[in-house]
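In: Structure, please.
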Amino acid sequence: MYRHGPTCLQGPVSRHWRAGKRRHRCDGEEPIRTELIQRVRREIAAGTYATPEKWQAALERLLDRLEWA
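Out: As a prediction, this is how the structure comes out:
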C-alpha cells in the first residue's frame with residue numbers, strides 16, 4: 001500500500017490551501033469577503049442574525065423557487 005502525502009491531493013482542497021496559508025482568491029473567482037463572514041459569525045454568536053425579517057425574506061425566496069420547479 002502506498003500512502004500519498006497531503007501535497008499530492010488533487011482537487012479544490014489542494015488549490016485553496018498552500019503551505020499552511022489560505023488563498024483568498026481562486027483563478028477567476030471573486031475574493032472571499034472576510035469582513036462579511038466575521039460580521040455574520042459575530043451576529044450568529046450574539047443571537048442577532050436570524051431576525052423575523054430575514055426569515056420572511058428567505059421563505060419568500062424559497063416559495064418563488066418552488067413555484068418555478
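In: Scan this protein for its longest helix.
Out: The longest helix of the chain (DSSP state H) is helix 52-68.
In: Run through this structure and note the low-pLDDT ranges.
Out: By pLDDT under 70, the weakly predicted segments of the chain are 1-28, 69.
In: where exactly do the strands run in it?
Out: In the chain, the strands defined using DSSP state E lie at 17-18, 21-22.
In: Near E43, how many other residues are there?
Out: Applying other Cβ atoms under 10 Å, we find 13 other residues in the vicinity of E43. The C-beta positions use only the backbone N, C-alpha and C, and glycine is treated the same way.
In: quick one, what contacts it?
Out: Y49 (Cβ atoms under 8 Å, 6 or more residues apart in numbering).
In: Could you check how far P52 is from A45?
Out: Distance, P52 to A45, using Cβ to Cβ, to the nearest Å: 19 Å.
In: meant to ask about A58, not that
Out: Plainly put, A58 is 20 Å away from A45 if you go by Cβ to Cβ.
In: How about R33?
Out: 18 Å.
In: I am finished for the moment; much appreciated.
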